[in-house]
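Undergrad: Here is my input, please return the structure:
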Amino acid sequence: MDRATLHRQYQLDALADRITGKSSTEAEHTGGYAGAVVEARDGVLALYWKGAVSQNVKDVQKAAAAQGLKVTVRQSRYSAQELEGARRRLESAVKGKDTAAEPVAAWNSIAVLSDGSGLYISYNTPTSRTLSNGRSTVPPQRVTTVSAKDFATRAQALAGVPVQAAEGPEGADTFGRHDDSSPFWAGAELSTPGNAFCTTGFAGSHGGSDVVLTASHCGTSGTFTTGTGNVEGWAQSSNTGLDTTFIQVNGSSGNQYYDGAWNNPNGYHKHVASWDLNHDGDYVCTSGAMSGVKCNILVKYAGVDSNIGGITRHNVVQAMRTDTSTHASANGDSGGPVVTSSDGTYGNDMQARGLISGSWGQVVVCPTWGVGIAMETTCYEGVQFIGMSAIVNQLGFALHT
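TA: Okay, here's the model as predicted:
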């Protein structure tokens, strides 16, 4: 992505922050706000709003014009708060049910549409029940044969708002920057207590201790080690709903992340300068230990509820590659950092956006030059990650910057 576009994204995200604030998450909003889409190439923030807009929005429109940008306001049928309530109603109505009795129990992802028109649901069918890693399947009680039209009709009756539905593969946990040491950084290979390969997330403080993050599906208790077997730390606490584990480190943790290729011999890294919310239309980069840095990944949905293996994860951001010669995530990247440029220059200072949680979309061929163990991993066209807002605002994490 060219620097001018990234700089406009930075400016537009900052304008969006002035409207929503940063004390909430991608899935939590109040008032008439329905959603926002960043159109960085055109310098436009498309804002969707139910009812009369606040004076603050009008002030932000003036500030945008002064920067040569534009904030458009389009009326929506529902507010984000109303649609979030509808999502919760639907999830509650089908929780614990078998698809033989309730086909909507086959859902694997529910997104609040940014234009405030309703919900978008992806669900498991017999043709999509094989997980992306090809080694496990979705249980039969979470698979349905109903058509997308019938699924949407039934889901709409439960949610009370319009629903768009489509069959799609359930995400897979993406369980490899090899010998990190204190101060520990994000993006390094992490060996879990169960001897699986994951990636370290951002560093900071939590509960009075220096920690690094990783995904909770990588482990919620026990000892984590580096790729060479040295003790990195111990699980301090976890939240499976936000797929986050805090690892109390054996030493200290630092404000850097590994940014280069998976096999970069010089430990190429960049500074984590800040964090921010994600918006539809943003471009981000992943930096897992298996894949190395992968950029030009476009956010499609923010603040999603995602059902992986029967466990619902909240405040998920779903993003898709725009460069078809590579991939967005691979097994081994779980827990790793998601970043974007903090000022649009893509220089040394980068902005934390989230924690890699799993795959999204279809399996793609792993480029032999693009992953650590091409013959032993699985690559995906998309990625799901937990937005930093929830980890900071709900779990009390203080990011090292």
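Undergrad: For the chain, just list every one of the helices.
TA: 3-20, 55-66, 80-94, 148-159, 388-393 (DSSP state H).
Undergrad: which residues sit against the fourth one?
TA: Meaning helix 148-159. With contact meaning C-beta atoms under 8 Å, 6 or more residues apart in numbering, helix 148-159 is reached by 86-87, 89-90, 93-94, 103-104, 106-107, 118-119, 121, 123, 144, 146, 162-167. Quick note: C-beta positions are derived from backbone N, CA and C, even for glycine.
Undergrad: and if you look at the first one?
TA: When contacts are taken as C-beta under 8 Å, 6+ apart, the neighbours of helix 3-20 outside the stretch itself are 29, 33, 36, 38-41, 43-45, 47, 56-57, 59-60, 63-64, 67, 69, 71, 276-277, 279, 282-283, 340-346.
Undergrad: Could you list the buried residues of it?
TA: Within helix 3-20, the residues that count as buried by 16 or more other C-beta atoms under 10 Å are 6-13, 15-16, 19-20.
Undergrad: next one: the second one
TA: Across helix 55-66, burial judged by 16+ other C-beta under 10 Å covers 57, 60-61, 64.
Undergrad: Max pairwise distance over the residues you listed: which two?
TA: Spanning the widest gap among the buried residues of helix 55-66 are 57 and 64, at 10.4 Å by C-beta to C-beta.
Undergrad: Need the overlap of contacts for those two.
TA: Residues touching both residue 57 and residue 64 (C-beta under 8 Å, 6+ apart): residue 71.
Undergrad: circling back to that earlier point, in strands only, show me the contacts of helix 3-20.
TA: Judged by DSSP state E, the contacts of helix 3-20 include 33, 36, 38-39, 44-45, 47, 71, 283, 340-341 as members of strands.
Undergrad: Turn these into a markdown table, columns for pLDDT and distance to residue 82.
TA: A markdown table is the format used below for the ones in strands among the contacts of helix 3-20 (pLDDT from 0 to 100; distance: C-beta to C-beta, whole Å):
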| residue | pLDDT | distance to residue 82 |
| --- | --- | --- |
| 33 | 94 | 11 |
| 36 | 95 | 16 |
| 38 | 96 | 23 |
| 39 | 95 | 25 |
| 44 | 97 | 25 |
| 45 | 97 | 22 |
| 47 | 96 | 17 |
| 71 | 97 | 22 |
| 283 | 95 | 29 |
| 340 | 95 | 29 |
| 341 | 88 | 34 |
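Undergrad: what's the closest of the residues you listed to residue 320?
TA: residue 283 (10.9 Å).
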